[in-house]
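Undergrad: what's the 3D shape of this:
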Amino acid sequence: MSIRLNLKAAFAALLRSSDSADVEASKREPSSIVFLLRKPDFVNLEQLRTAGERAFWVPFSTGNSTDFCVFTKVFFTLMQIGPDVLSFMFCTTPYLDEKPSAFGRAMPLPVQRAAWKEHSAWMAVNYARGPADPDTQSAILSKLCIEMLGGNCTGAYVPGEQLFIPNDSSLLAALQQNASLLSYLNPPPYSSR
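TA: Prediction:
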């Protein structure tokens, strides 16, 4: 538990800004989507770069060199999308590893319980920093996650909503619906489909 708190504090310090709006934003939990994975087969920088390009229709680089890039800094994998920064966490144990089976058994639907039981690792995509309001943050995350969704994923958990959606047609539909909000909200200054 203390390791997680130290990583969280390190990440907050890495992204801290003197701007008071950023300080207030850093006190809130980040918008996140957690992919539960059958096996710990994580995406690499090149896969994240191409997912970013497909999601936002702009060229991305690897390395912290442009407004559209994916890179590692200390222990963190980060993606810059114009003024927005996403972070990625990868873990080789079940999500909520203190009591993953108890949490999974508490799911209301059998398909949710089965999908939760299948995972052995997870990857979190977090909105780390930027000017976006919570709805836009969620839409940005959804837009990227659509391009990262694959057969290794058993489902997606949204911690802020306490919502778990198994990886069947309902997950892709939910991500697409949420991503479509990006064009209706204050759109960020990059291309959109």
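Undergrad: who touches the spatially most central residue of the chain in this structure?
TA: Residue closest to the mean C-alpha point of the chain, counted by C-alpha atoms, centre = their mean, is Val125 at 1.6 Å. Neighbour list for Val125: 32-35, 86-88, 141, 144-145, 148 [criterion: C-beta atoms under 8 Å, 6 or more residues apart in numbering]. (C-beta placed from N, C-alpha, C; glycine too.)
Undergrad: all helices for the chain, in order.
TA: Taking DSSP state H as the criterion, the chain carries its helices at 2-15, 20-27, 45-56, 100-105, 110-118, 134-148, 169-180.
Undergrad: and those helices, which one's lowest on average pLDDT?
TA: The weakest mean pLDDT among the helices of the chain belongs to helix 2-15, with a mean of 40.
Undergrad: measure how buried the residue lying closest to Thr93 once chain neighbours are set aside is and give me the count.
TA: Leaving aside its sequence neighbours, Thr93 sits nearest to Ala121 (C-beta to C-beta, 6 or more residues apart in numbering; 7.0 Å). Residues near Ala121, counting by other C-beta atoms under 10 Å, number 19.
Undergrad: what's across from Ala121 in the sheet?
TA: Leu37 (DSSP bridges).
Undergrad: ok, it to Pro159 distance?
TA: 17 Å (C-beta to C-beta, to the nearest Å).
Undergrad: now do Glu53
TA: Counting by C-beta to C-beta - Glu53 and Pro159 are separated by 27 Å.
Undergrad: okay, the two: which has more neighbours?
TA: Pro159 (17 against 14).
Undergrad: surely that one touches Met89?
TA: No: using C-beta atoms under 8 Å, Pro159 is not in contact with Met89; the gap is 11.8 Å.
Undergrad: can you give me the pLDDT of the residue nearest to the centre of the chain?
TA: Val125 is given a pLDDT of 97.
Undergrad: and Asn64, by the same measure?
TA: pLDDT, read off for Asn64, is 85.
Undergrad: any idea how far it is from Ile140?
TA: Taken as C-beta to C-beta, the span from Asn64 to Ile140 is 19 Å.
Undergrad: all set, thanks.
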